[in-house]
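Visitor: Predicted model and sequence below, questions to follow.
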Number of protein chains: 4
Amino acid sequence: MTTPDPSLLPVPQAHHGTLRNYVGGRWVESRSADIRDVVNPATGEVVARVPMSTADEVDEAARVAQQAFESWRKEPPVKRARPFFVLKQLMEENLEELSRTLVQEMGKTISDARMELRRAIEEVECACGIPSLMKGYVHDTVSPNIDLQVTNVPMGVFFMVPSFNFPMLVPLEYLPYAVACGNAYVNKPSSTVPVSQVKVFELIDRCGFPPGVINLVHGSHDVVDALMRHPLTQGFSFVGSSPVGAKLYADAAALGKRGQVAGGAKNHFVVMPDADLDITVPAIISSFFGAAGQRCLAGSVLVPVGDVYGPLMERLLPAARAMKLGNGLDETVDLGPVVTQRARARIVGMIDTALEQGAREVLDGRHPEVDGYPNGSFVGPTILEDVTPEMTIAQEEVFGPVASVIRADSLDEAIGLIRRSRFGHTGILFTTSGSAARRFEHESTTGNIGVNVGVAATAAYATLGGMKETGYGDLHGRSESVLFFTERKVVVKRWG
Amino acid sequence: MTTPDPSLLPVPQAHHGTLRNYVGGRWVESRSADIRDVVNPATGEVVARVPMSTADEVDEAARVAQQAFESWRKEPPVKRARPFFVLKQLMEENLEELSRTLVQEMGKTISDARMELRRAIEEVECACGIPSLMKGYVHDTVSPNIDLQVTNVPMGVFFMVPSFNFPMLVPLEYLPYAVACGNAYVNKPSSTVPVSQVKVFELIDRCGFPPGVINLVHGSHDVVDALMRHPLTQGFSFVGSSPVGAKLYADAAALGKRGQVAGGAKNHFVVMPDADLDITVPAIISSFFGAAGQRCLAGSVLVPVGDVYGPLMERLLPAARAMKLGNGLDETVDLGPVVTQRARARIVGMIDTALEQGAREVLDGRHPEVDGYPNGSFVGPTILEDVTPEMTIAQEEVFGPVASVIRADSLDEAIGLIRRSRFGHTGILFTTSGSAARRFEHESTTGNIGVNVGVAATAAYATLGGMKETGYGDLHGRSESVLFFTERKVVVKRWG
Amino acid sequence: MTTPDPSLLPVPQAHHGTLRNYVGGRWVESRSADIRDVVNPATGEVVARVPMSTADEVDEAARVAQQAFESWRKEPPVKRARPFFVLKQLMEENLEELSRTLVQEMGKTISDARMELRRAIEEVECACGIPSLMKGYVHDTVSPNIDLQVTNVPMGVFFMVPSFNFPMLVPLEYLPYAVACGNAYVNKPSSTVPVSQVKVFELIDRCGFPPGVINLVHGSHDVVDALMRHPLTQGFSFVGSSPVGAKLYADAAALGKRGQVAGGAKNHFVVMPDADLDITVPAIISSFFGAAGQRCLAGSVLVPVGDVYGPLMERLLPAARAMKLGNGLDETVDLGPVVTQRARARIVGMIDTALEQGAREVLDGRHPEVDGYPNGSFVGPTILEDVTPEMTIAQEEVFGPVASVIRADSLDEAIGLIRRSRFGHTGILFTTSGSAARRFEHESTTGNIGVNVGVAATAAYATLGGMKETGYGDLHGRSESVLFFTERKVVVKRWG
Amino acid sequence: MTTPDPSLLPVPQAHHGTLRNYVGGRWVESRSADIRDVVNPATGEVVARVPMSTADEVDEAARVAQQAFESWRKEPPVKRARPFFVLKQLMEENLEELSRTLVQEMGKTISDARMELRRAIEEVECACGIPSLMKGYVHDTVSPNIDLQVTNVPMGVFFMVPSFNFPMLVPLEYLPYAVACGNAYVNKPSSTVPVSQVKVFELIDRCGFPPGVINLVHGSHDVVDALMRHPLTQGFSFVGSSPVGAKLYADAAALGKRGQVAGGAKNHFVVMPDADLDITVPAIISSFFGAAGQRCLAGSVLVPVGDVYGPLMERLLPAARAMKLGNGLDETVDLGPVVTQRARARIVGMIDTALEQGAREVLDGRHPEVDGYPNGSFVGPTILEDVTPEMTIAQEEVFGPVASVIRADSLDEAIGLIRRSRFGHTGILFTTSGSAARRFEHESTTGNIGVNVGVAATAAYATLGGMKETGYGDLHGRSESVLFFTERKVVVKRWG
């Protein structure tokens, strides 16, 4: 079962196992001496090596991108959309290989990986509509013989700093819109999971984009910093933790640049006494423990309201216990490892602290035994009761398969927990009542609200919410991307 | 002619001549000891006194606003729009009085003042349409039994830091949208020209807004800083100089807040050989010298292309010379004073420097004699030739009635001047050629483009452009206000 | 109580009690010899006389309107919106007088009349936003040097054929949008209730519209026919019965014109066992019996599902019985007369037929005694049980205060009734279940759906639905008005 | 050169050379005895045979479509868009074969055919964006606890009656939007050129649409009539002549159905004295004579203004004379045959009449000799001078390669010709003046305006204009399709 998976090894764009950058339409070897291992979190094996690119290499990428931008911006939008039609098709044709690659460097289950790919494809599909999405508007005859029009014009080079948890999807939530709008792009993938984007870029390379329009530069925060300070970059998109996002957002503004940040989460799942537990329990299992709790939309705090507590826990515990841990490539596995040993240690530490602060473990996933994967960074499903809002575990992001249970007497009390959180990512309610749903929807201070769903996964065609410390910047992705990735040009003409 | 104008003096909301704040629906006297004079720039007379409010007073305003917000946000948009219908009507009924007040503290001509009021009214009219403008969207059936909707929800307390040059208009380019969207607001008017907004707030007071929804706090940068750092404020809008704007933009981001900045300008007016001089000359006169050059949309660098130079200057000079300086209240006056003696000194200094750097004055407005106004801060129309792109006068914002002439051999050369400027406010072309216009429109790097117009005044119903150092933030005013002044709330519901 | 109400009599635009037309900005006496009485349905008194205008008069109105259109279409939208701001204000100032006039010719209660006026004002407010609503769009660079824009251009003269049931509101659901879009308009009010629109036009006359842009011509179907066949009219809007609407829709198309028809209704109100009867019962009372059942959104068939039947009827009957009949001007009255004696006879006849076909009256309003109003055309609240879907009363529009009760065993059975109706106006569900609401919303074949509301009154800012025989034409009012009242002009320009 | 082209013959969906219908996802042989020849207009050879399907077959197609609709409407839009991504790809892969087929049955040149295919692909691409395009809107909190949403819901079965001149493109201007919106569809291709759509449907068959969602039924006006009267059809789209379109539009309305008609044209091309003849002449040649003048956007009346007449004609004549006639499959050919011998006779007859009425032929294409194609229905480029606005040739649609020259003294006189035409399709201006362009754009009464372009080909992402007798119905294709192919459902919910 620990046999090296052949689908990963042949990454054509690796040189003796070291990943290359993609700049100016070519795969180029980094000159950096700082090269790090990419590890399969299930097996502990090194699956690739990733260079921490140099400032020179960033500079080169930015210049190449800027040069490509000067022509690309002049292409009709309908032509800029065309390569994305090709990308969609190539991603579909390669969905299985991409999914397996993803599992091997990140650990999530193969079914999760396939779903991630499908959502990534949906983003590309949505960006194919850019000619409709980016059209401008016209006020005819604002005064006699004078007309006014407003168009959305691309700005130059944007860059992306994605999180590790959706290695395929996250960059594709931004890149296609930025590029279809007429900008050039530099993607700096997570150095923990850089192979997935290399695979995506192998496809991008075949779509017919002009060289330099889309670039990939490996590295860590030094590369981010170099991109940020480079005079040719116009702005960035970030998905990751709130403190890092907040800093980047401030950095960008201090340089007069644009930024959009999707930060951390502490998501409350509220279960009303009238909830349909047949829907609720599987949704909770999937949301709190699926992808090892490493989704920004994942459940973190479980809030049973009133009497539902007993019946809910009675069904939840056995369902959580029954989850099978293992290598995500195994189709029967429910739960893969968390992304790194370091992440594992952090999660276990947070559980320890919670117990010290008075929480009680009713299911303890700190030291699971996973047959055949002695080196995997596994954490099992964990359920903590007697959690109070003051505990660290109730306030900080865990990003692991841990459910903290806080009981509430009423919907208002539950909403109060959400309103007092410093995060504003997602709130979920389970209920059969239309009125409870409306109240929850209007009073909860989170950018994403779900009712009777485990993951309030927003369509590509909508946007992603994020309030308070969860989101910085006034424009988030998707439907708002056109405004973020362009400037308005107002033209007032008098003729006659 | 220097008789104190009765329309100003009776500002009911001044106590012994000192203006009051408007907080929580009441006019309140500031407790500040720091009180400054408001001076009529034509006469040098003190027309009012304005307090530099204290941090406590800012805190009180923010708290009161936040409290008002909690109810206001729940009102249906159609109800939140209603008081603005009243405001529009009151502004129309009081247009003449408001215009005269404006002239007395700011100096522009009465006809300019009336036009400013009309544009301010148009902003209010536009915000009356908020129920249409802020509607959300719905994706029905994103999956079986699952629907998704996105609504725009107000955020809390926003504040405004306006410029001095449109004392009536500028705050009303933001406030009505912010408030109609469901936010509460604090306006801190320019301390140079605070009376105009007091007059506006006397009308706002009569419109039926709930107390605390709209507030006015006098002061200077200390008040801005206190508003910025106050934990209850969500973001700000600023109109003024680029350096100040850039700093505020960075401050806001460092605090995780939103900002939008309309900064400085260095606007080039390009005249093609085929231009219709009957349209061109009056447009230039009005744009470069009207409002004493203190409009952000004003012309600053005049770029005659090729042969048009001779005939253009031949007609421009006498027209500029013929302008009558004086008190703006005099209907026959073409040009009032600049806003302060300090501004006058700065403008004159810039002209001095230009001459030292090699420019040649063909019309020198540094020391005009204005009968009856010995204490007025007047600068006459000034035309400088032999200006080169390297001179300070060609690069820095003057904000005075000064035209720097740089000749160009071709449209491309002229556009090159614009592309190299660090500002990106406005570019204007005079031509009869459709092709030249399109080329100028697509290649100039300014957020506002005019063709055959002196002032590319964008309608309230559009937006205001601003590229490079002219605009910070990804959303500017008007049509984009709904997105700036709200957050997106994404709701995903499964029923059945 | 039957004292002539002074607010009606002084209709300035009546000549010896005969209403005048409003054409070309002037009140003109009709030359018609055919003059009919307008009767107060509560008292039987003649309150005005209305001429059936001649074909010549229609021709004159159409020509005058066309001429006014030629200039009006060229005005900037922002200027075309301005008179509607004035109209809104005048309607508010005259709300009470307008409401009383409405009651006297149409019979509804004064509180209903006030609400109608408020909704009419909301339509005017919405049309004030026409500069935003009618803006066009631009596709920049569809090919090199080629841009494309699409604007909405007004077409010419439109006319209106309103129903009698909302004499103030219905024309204002169309006219303001048509006119603000740049068209000219001819309103032919219902000859049963023509005074209300005369009152509205007395205000329109004061708003500053150019003469001829908005016109009023009294008459009946001959006038409609003349307007339809007039070569200068471009299209019509109709609110009324489906057969008449269908004919007009066909007539218009045969002439190559546009039409939009809001036709009849047979609205089902479904009450689920989990419904909150505290909300349900008052909503049903108000919807079925309010305005004497003469609202197109009114309830007509009551469908209790399962066990709710008993408790529902137990509370409904006393509430219906307690309704007080009388003159709508009396503030304590719940139910005024139906609009004419002829309408009364028709409604009573339909009840008779229902009883013959096997229905059972549990509340019989056929012959109410109304103190002091022996000549009023009153019908009391009527509840029929044992109604089957095959009965005439279950299929035809009644337009009177009659509730036909058909019991259903399940939500699906109730929806089946709606799906089989040939009308598609409104379906209402009372429930506390989010799932039931979603199912009802998606499966019911009506253009308007309400959940827990008595009247699914759509905001001015939305549109009005109407499926099957209820609505003809692909565009209904309000938000869709811009497309209905304009043509698209596509402009493709190559410059350079 | 007359060798039978192999690419046509193997139409798999022909049975012994007779085309089949495509109903319910299967190719079915028509039971009709009425079978007609499809003729290659260049060679006179029969290339296929097409059945005139029976009323029974229409009924079956409508029923099958309705049944498919019941499931299809419930699919998420994102899923309904997916098969169109496949169709786009298949059309690209088969572009050359499709283009050759098109040439063989319709006659246009192979380069024209390829361009038609590219535009057809663009329509499919645009419809791939349906999830964005068809989203509904929501007014949150129209009253306390009450929200309103409006969604666009599909209606059922629509059908298409296309013209012969763009056999590949025209149905794809409507079908993808209708189907992606959730409707089912029946396409009845032109019986003159039915093979092209058979080829398209061979691709549609491979895209994964559920059986019955998209159907093809061959036939002529009897089939159209049967589709129109079928109780299950909801509306139609038509492209063709105005009289037929007008009749269908009236028929549909009389049945309460929806219709949209793109009818005839009489397009004026105005050339100003300042026009750039290097752009103008090739554009005129291409527009008047390309596709043998059978484009609805084609030039028909040439209006030189003032002095440009001489130089224009001097360059136009030799260019027209130099056009090479022949089989469109020959890459060197400029002009193929007109579609049928009947069309040829009609065009020649119109030229005859013009000459009788006083026109003068400066280039006579009535009897061209085309080497190797003795049986082809060729008409050569024809230029008529001394045409007056009263002549038949100046008023009626020719649909052949005929330019009628009417001189004008001024732009206003030229616009006057356009305003007096009973058609309102396209007006084109050649000029370098921005002012002339604006004036032409605002005063011409055509739905499509071009400036310096030969064909004002609107992007898929925009719409197609059509005023006066050119367009019936208030919604045309493309961007307006969502509204045409759906009904609005207004939902008002009170919760709490």
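Guide: Structure received. Residues are numbered from 1 along each chain as shown, chains lettered A, B, ... in the order given.
Visitor: rest of the way, CA atoms for contacts and neighbours
Guide: Fine.
Visitor: average pLDDT across stretch A:332-347?
Guide: If you average the pLDDT over stretch A:332-347, you get 98.
Visitor: Stretch A:418-426 now?
Guide: Per-residue scores along stretch A:418-426 average to 97.
Visitor: Ends of it, what's the gap?
Guide: 9 Å (CA to CA, to the nearest Å).
Visitor: Can it be said to contact chain B?
Guide: No - using CA under 8 Å from any CA of the partner chain, we find that stretch A:418-426 stays clear of chain B, coming within 9.3 Å at best.
Visitor: What residues of that stretch count as buried?
Guide: Of the residues in stretch A:418-426, A:418, A:421-426 count as buried by neighbour count, 16 or more other CA atoms under 10 Å in any protein chain shown.
Visitor: likewise stretch A:154-163?
Guide: A:154-163.
Visitor: Could you list the low-confidence segments of chain A?
Guide: Applying pLDDT under 70 to chain A flags residues A:1-10, A:458.
Visitor: Pull the number of nearby residues for residue A:278.
Guide: The tally of other residues near residue A:278 (other CA atoms under 10 Å in any protein chain shown) stands at 9.
Visitor: Apart from its neighbours in sequence, what residue is nearest the closest residue to chain D within the stretch 101-250 of chain A?
Guide: Residue of the stretch 101-250 of chain A nearest chain D, by CA to the nearest CA: residue A:129 (5.0 Å). Nearest non-adjacent residue to residue A:129, counting by CA to CA, 6 or more residues apart in numbering or on different chains: residue D:129, 5.0 Å away.
Visitor: Tell me who's in contact with the one you found.
Guide: Counting by CA atoms under 8 Å, 6 or more residues apart in numbering or on different chains, residue D:129 touches A:125-126, A:128-129, A:132, D:81.
Visitor: from what I can see residue A:188 touches residue A:164, true?
Guide: No - if you go by CA atoms under 8 Å, residue A:188 and residue A:164 don't touch, sitting 11.4 Å apart.
Visitor: the more surrounded of those two?
Guide: Higher neighbour count among residue A:188 and residue A:164: residue A:188, with 26 against 21, using other CA under 10 Å.
Visitor: From residue C:252, how far off is that one?
Guide: 62 Å.
Visitor: Show the residue spans covered by the helices in the stretch 251-400 of chain A.
Guide: A:277-284, A:309-321, A:341-356, A:392-395 (DSSP state H, counting those that start in this stretch).
Visitor: So which of the ones you listed is the most surrounded?
Guide: Mean neighbour count (mean count of other CA atoms under 10 Å in any protein chain shown) peaks for helix A:392-395 among those, with a mean of 22.
Visitor: related to what we said a few turns ago, nearest to chain D among the helices of the stretch 251-400 of chain A would be which one?
Guide: helix A:277-284 (20.9 Å).
Visitor: I'd say residue A:267 and residue A:422 touch.
Guide: No - shown here, residue A:267 and residue A:422 do not form a contact pair, counting by CA under 8 Å, at 10.8 Å.
Visitor: where does the stretch 351-496 of chain A come near chain D, residue by residue?
Guide: Residues of the stretch 351-496 of chain A lying near chain D (CA under 8 Å from any CA): A:434-436, A:438-439, A:461, A:495-496.
Visitor: Now residue A:229: closest residue in space, sequence neighbours ignored.
Guide: Counting by CA to CA, 6+ apart, the residue nearest residue A:229 is residue A:255, at 7.6 Å.
Visitor: and that neighbour, how many neighbours?
Guide: Using other CA under 10 Å, residue A:255 is surrounded by 19 other residues.
Visitor: for residue A:289, same thing?
Guide: 29.
Visitor: what separates the residue sitting nearest the centre point of chain A from residue B:150, distance-wise?
Guide: Among the residues of chain A, the one closest to the centroid is residue A:170, at 4.3 Å (CA atoms, centre = their mean). According to CA to CA, residue A:170 and residue B:150 sit 21 Å apart.
Visitor: Looks like residue A:333 contacts residue A:291 (just checking).
Guide: No - using CA under 8 Å, residue A:333 makes no contact with residue A:291, being 11.2 Å away.
Visitor: what is in contact with these two at once?
Guide: In terms of CA under 8 Å, 6+ apart, residue A:333 and residue A:291 are both contacted by the residues residue A:109.
Visitor: ok, those two, which is more surrounded?
Guide: residue A:291 (29 against 17).
Visitor: Domain map for chain A?
Guide: Using automatic domain parsing, the domain parsing of chain A gives A:10-263+A:470-493, A:267-459.
Visitor: what would the ones you listed look like in TSV with distance to residue C:117?
Guide: Shown next, in TSV, are these (distance: least, CA to CA, whole Å):
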stretch	distance to residue C:117
domain A:10-263+A:470-493	32
domain A:267-459	30
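Visitor: got the residues of the stretch 151-300 of chain A near chain B?
Guide: Counting by CA under 8 Å from any CA, the stretch 151-300 of chain A sits next to chain B at A:246-247, A:249-251, A:253-258.
Visitor: which two of those residues lie the greatest distance from each other?
Guide: The distance between the two most remote of those (CA to CA) is 15.3 Å, for A:246 and A:256.
Visitor: Looking at the two, which has the bigger crowd around it?
Guide: Counted by other CA under 10 Å, residue A:246 and residue A:256 do not tie: residue A:246 has more neighbours, with 26 against 21.
Visitor: Now for the residue nearest to residue A:333 when sequence neighbours are not counted, how many residues are close by?
Guide: Distances taken as CA to CA, 6+ apart place residue A:324 nearest to residue A:333, at 5.2 Å, with adjacent residues excluded. Per other CA under 10 Å, the neighbour tally for residue A:324 reads 15.
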